[in-house]
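*Asks:* could you look at this predicted model? Sequence included:
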Amino acid sequence: MRSGRMWELYRMGGFASAMASVFRADQAEQMALIRSVLRDQRTQHTLFTPLSRLKTAVFDLETTGFQPSAGDEIISMGAVLMEGARLEKDGVFYTLVKPSAPIPPDIVQLTGITNDMADRGLVLIEALKRFLKHVNQRVLIAHSANHDKAFLNAALWKTSRVRLSHRLIDTMLVAKWLRPDLKTHGLDEVLDAFAIPKGRRHHALEDANMTARLWGELLGHMEERGVQTLGDLYTRLGSVL
């Protein structure tokens, strides 16, 4: 479809109407939902919410590699919901995601996700829709968050031509501030440093659960150093890293 026609449809009927003329109606509806969830995420009042009451979604992704720009893809998504240090009941999300190409053997070995398993997963746009519906407008938390953010942004752009707009906390950066003595700040090393038991690694939901327990532990250490709100945390991380 020519771009002029697309723009005219957008003007007359909005995004969903325009997309429905190009994609299947169900896919256009999913794209519109994704866009609506991402709209207006960065409200200012969140910056002044005490971390002890902050509603968050701790998440992790497993992927076929490390470079979304080179075609690597998401193959699983896991998330748990928290308020402060408390895990919320019924706040668990997990799904496999069907990639467009075979999973490399080393990733199969690392994650335990076989190609047969992934083939039964959700298509990418459906997985994103369910993930965003689950996390809603919460602040997102991940360890080494740049990796996960890059893959989410690539997936959102590929499916819906949008970027992630949620506020984000990287527990690796918080750990670097609180424990500069550690030689490395990967999840394994930081879990050990804060005496948090390790379960199954490189499983999106298990890693999200361990990162959630880490976040709960970090909250007490941050409070001891005078960091009370999300705004305080962003200011402190910006001044020391």
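*Replies:* Now that the structure is in, tell me what you want to look at.
*Asks:* Gly91 - nearest residue in space that isn't next to it in sequence?
*Replies:* Leu81 (3.0 Å; C-beta to C-beta, 6 or more residues apart in numbering). Any C-beta I mention is one placed from the backbone N, CA and C, and that applies to glycine too.
*Asks:* next SSE downstream of the host helix or strand of the one you found?
*Replies:* Secondary structure from DSSP states H and E places Leu81 in strand 74-83. Sequence-wise, the next helix or strand downstream of strand 74-83 (DSSP H and E) is strand 86-96.
*Asks:* quick one: residues in contact with that following strand.
*Replies:* Under the criterion C-beta atoms under 8 Å, 6 or more residues apart in numbering, residues 75-82, 113, 117-118, 120-122, 127, 130-131, 134-135, 204-205, 212, 216 lie in contact with strand 86-96.
*Asks:* which of these are buried?
*Replies:* Among the contacts of strand 86-96, the ones that count as buried by 16 or more other C-beta atoms under 10 Å are 75-82, 113, 117-118, 121-122, 127, 131, 134-135, 204-205, 212, 216.
*Asks:* ok, now how distant is the most centrally placed residue in the chain from Thr49?
*Replies:* For the chain, the residue lying nearest the average C-alpha position, counting by C-alpha atoms, centre = their mean, turns out to be Phe59 (5.1 Å). Counting by C-beta to C-beta, to the nearest Å, the gap from Phe59 to Thr49 is 19 Å.
*Asks:* quick one, the lengthiest helix in the chain and strand 86-96 angle?
*Replies:* Longest helix in the chain by number of residues (criterion: DSSP state H): helix 204-224. Angle, helix 204-224 to strand 86-96, by axes from the mean of the first three to the mean of the last three C-alpha atoms, to 10 degrees: 150 degrees.
*Asks:* who are the packing partners of helix 204-224?
*Replies:* Packing contacts for helix 204-224, counted by 3 or more C-beta pairs under 8 Å, 6 or more residues apart in numbering; DSSP states H and E, involve strand 55-63, strand 74-83, strand 86-96, strand 139-142, helix 171-178, helix 187-193.
*Asks:* closest one to His221 among the ones you listed?
*Replies:* In terms of C-beta to C-beta, the element of these nearest to His221 is helix 171-178, at 5.3 Å.
*Asks:* now that closest one: how far from the chain's centre is it?
*Replies:* 18 Å (C-alpha atoms, centre = their mean, to the nearest Å).
*Asks:* okay, that helix in CSV with CA atoms only?
*Replies:* Written as CSV, here are the backbone C-alpha positions of helix 171-178 (Å, rounded to 0.1, in the frame of the first residue of the first chain):
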residue,chain,number,x,y,z
THR,A,171,19.9,-4.5,39.3
MET,A,172,23.4,-4.9,37.9
LEU,A,173,23.9,-1.1,38.1
VAL,A,174,22.5,-1.0,41.6
ALA,A,175,24.8,-3.8,42.6
LYS,A,176,27.8,-2.0,41.1
TRP,A,177,27.0,1.0,43.3
LEU,A,178,26.4,-1.0,46.5
